[in-house]
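A.B. asks: please find the sequence and the predicted model below.
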There are 2 protein chains.
Amino acid sequence: MSYLADTDSAAEFFIFKYKDNIFREVRKGNGKMANYDIKHDVNDKYSLRGRVFQKLREDILSGKYKEHEELKEVAIGEELGVSRTPVREAFRQLELEGLLQIVPNKGAYVTGITAKDVKDIYMIRSLLEGLCARLATEKITKEQMEEMEENIYLAEFHEDKGHLDQIAELDNRFHDILYEACDSKMLEHTLKDFHQYVLRVRQRTLATNTRGRASNEEHRQIMEAIKAKDADRAEKLANQHMINAYDNMVKNGLKEIYGDESGS
Amino acid sequence: MSYLADTDSAAEFFIFKYKDNIFREVRKGNGKMANYDIKHDVNDKYSLRGRVFQKLREDILSGKYKEHEELKEVAIGEELGVSRTPVREAFRQLELEGLLQIVPNKGAYVTGITAKDVKDIYMIRSLLEGLCARLATEKITKEQMEEMEENIYLAEFHEDKGHLDQIAELDNRFHDILYEACDSKMLEHTLKDFHQYVLRVRQRTLATNTRGRASNEEHRQIMEAIKAKDADRAEKLANQHMINAYDNMVKNGLKEIYGDESGS
DNA sequence: GCAGCTTGGATTGTATACAATTATACGAGG
DNA sequence: CCTCGTATAATTGTATACAATCCAAGCTGC
């Protein structure tokens, strides 16, 4: 049985260009429409290659495939019910995403993330989330602002109830809103990449994470700074938010899990 | 070669060496011949996919393929004397490099860069090159330091002589050294990506670029700050270096070339 | 025993066949 | 003249066949 069964194969779609970007408009069974910016949507649902890519990425990020594990084309292909061709193409993409390392004529191996890598990522994200918050202060739309406020409100609710899954999802979504609000495709794409990249790590530290409430409070402060059009403050808060997140991660045993290669 | 026998559109080929370069000679059904130097290797010298990737990347960056131009798998394959398979895989890689935009079931298009994108990239690079310089202050090796000094010295020499190509190459190399010196794979990879991305643009503004000497002087100051272990100063200088580079680019007519979408 | 060669199986690399999708041309009907 | 549908060509998507490569086990000769 294929894992890749197309749940809504009835979906119609067509492609159009708008301001130099190519979009795919999708009409679903219920008549609802949605536009996907294909350029930044590698999770192309409508091709085997895209679905294999998406599935493998998920499995790597979720930890199904361990670090340094070798992925074999035929095995993956059989498991997913497709031939080697789309699998190979997905591998090539995953390589550039940094999730796989391909050794010519040998094989594809799941990339390991060291504690040093995580540290570097948070350093970079600290700067870029700051820039993002600064830009968002100017560019955020009313709708985005409202979703942000709602997000924080909801997170508080779920925090009270102890709904860990929802909290994690809202946290992710908060950052996505911020990325979208900065009105820079380049920055948005870069930040989403890094965000994805550390999800693997967060997955493991989340269970023991007691930072939910503090994190949400920081979100609120960032949101308020943006609302008050105080770009400097928004930037600084976003910088610090990342640093705090990293510190918390270290406290929760990042080093034990990934080995301490950050020492030098 | 049984599988080549039937159709006359299929090409015969063999590989030969000439003066240390590996060529592939292609004989088509019509008897036309073409030789292609497929030794760009360094990375993947023994895989067609790798060579196709390198070749296409070079051709895109050098401007052989214009923006929004559609690349067809068979055409590229024939030109390079390979089948569609390695071409397709190279396309997938180029997509994640940001050089190609692949629309499912439609085609592969050379990515367009808008003036807004360039602006965003330089904003991001300004921050990250600053971080990079800061980290390099601590981590740079003696060899890297020496190469950096040599780079600046050479650049001055070629500046006097007006050797534009060498100046451009040394400029690129300076930044690469810096990226390597920060001792962060993550940061290095990110910065190299962005650097690559704007090379296309610089290619066009370089001819009219009178900033060579000023740029090199800034390199010298960054280098000296690193040598003096003054991380704060190195970071600030690197920040400013990017801002200056961008300002100069705008002055040299970036908007005319790429259209002004930066106004929002 | 062991260095080096040979061989066979497993795996990736490439080419090609065929299917699915999209673009284009053209003609019927209004 | 225009619009719409259909046929057809062009192009990409996927599967499969075959080639090249790698690796380890076993053999050979010393």
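C.D. replies: Now that the structure is in, tell me what you want to look at.

A.B. asks: make it CA atoms for all contacts and neighbour counts henceforth
C.D. replies: Noted.

A.B. asks: residues near the nearest residue to A:E147 once chain neighbours are set aside, how many?
C.D. replies: Nearest residue to A:E147 in three dimensions, chain neighbours excluded: A:I177, at 7.8 Å (C-alpha to C-alpha, 6 or more residues apart in numbering or on different chains). Neighbourhood size, A:I177 [other C-alpha atoms under 10 Å in any protein chain shown]: 18.

A.B. asks: try A:E224
C.D. replies: 17.

A.B. asks: can you check A:F157 too?
C.D. replies: The tally of other residues near A:F157 (other C-alpha under 10 Å) stands at 14.

A.B. asks: try A:E156
C.D. replies: Per other C-alpha under 10 Å, the neighbour tally for A:E156 reads 17.

A.B. asks: what residues are up against A:K72?
C.D. replies: A:107-108 (C-alpha atoms under 8 Å, 6 or more residues apart in numbering or on different chains).

A.B. asks: helix, strand or coil for the residue nearest to A:E147?
C.D. replies: Counting by DSSP: H, G, I helix; E, B strand; the rest coil, the backbone at A:I177 sits in helix.

A.B. asks: pLDDT at it, what is it?
C.D. replies: On pLDDT, A:I177 comes in at 98.

A.B. asks: and the strands in chain A?
C.D. replies: Listed in chain order, the strands of chain A (DSSP state E) span A:12-18, A:21-27, A:33-37, A:70-71, A:100-103, A:107-110.

A.B. asks: spit out the contact partners of A:R134.
C.D. replies: Applying C-alpha under 8 Å, 6+ apart to A:R134 gives the contacts A:182, A:226, A:231-232, A:234-235.

A.B. asks: and those, which two are furthest apart?
C.D. replies: Within the contacts of A:R134, A:C182 and A:D232 form the most distant pair, 14.4 Å apart (C-alpha to C-alpha).

A.B. asks: higher neighbour count, the two?
C.D. replies: Using other C-alpha under 10 Å, the more surrounded residue of A:C182 and A:D232 is A:C182, with 23 against 15.

A.B. asks: quick check: A:K227 touching A:A136?
C.D. replies: No: using C-alpha atoms under 8 Å, A:K227 makes no contact with A:A136, being 9.7 Å away.

A.B. asks: if you count what's nearby, which of the two comes out ahead?
C.D. replies: Each of A:K227 and A:A136 has its neighbours counted (other C-alpha under 10 Å); A:A136 has more, 28 against 18.

A.B. asks: excluding its backbone neighbours, what's nearest that one?
C.D. replies: Of all residues not flanking A:A136 in the chain, A:C182 sits nearest, at 4.0 Å (C-alpha to C-alpha, 6+ apart).

A.B. asks: quick one: residues contacting that neighbour.
C.D. replies: Shown in contact with A:C182 (C-alpha under 8 Å, 6+ apart): A:132-140, A:188.

A.B. asks: may I ask which of the residues you listed has the most neighbours?
C.D. replies: Neighbour max across these (other C-alpha under 10 Å) = A:A133, 31 neighbours.

A.B. asks: pretty sure that residue sits against A:I226.
C.D. replies: Yes: if you go by C-alpha under 8 Å, A:A133 and A:I226 touch, sitting 7.3 Å apart.
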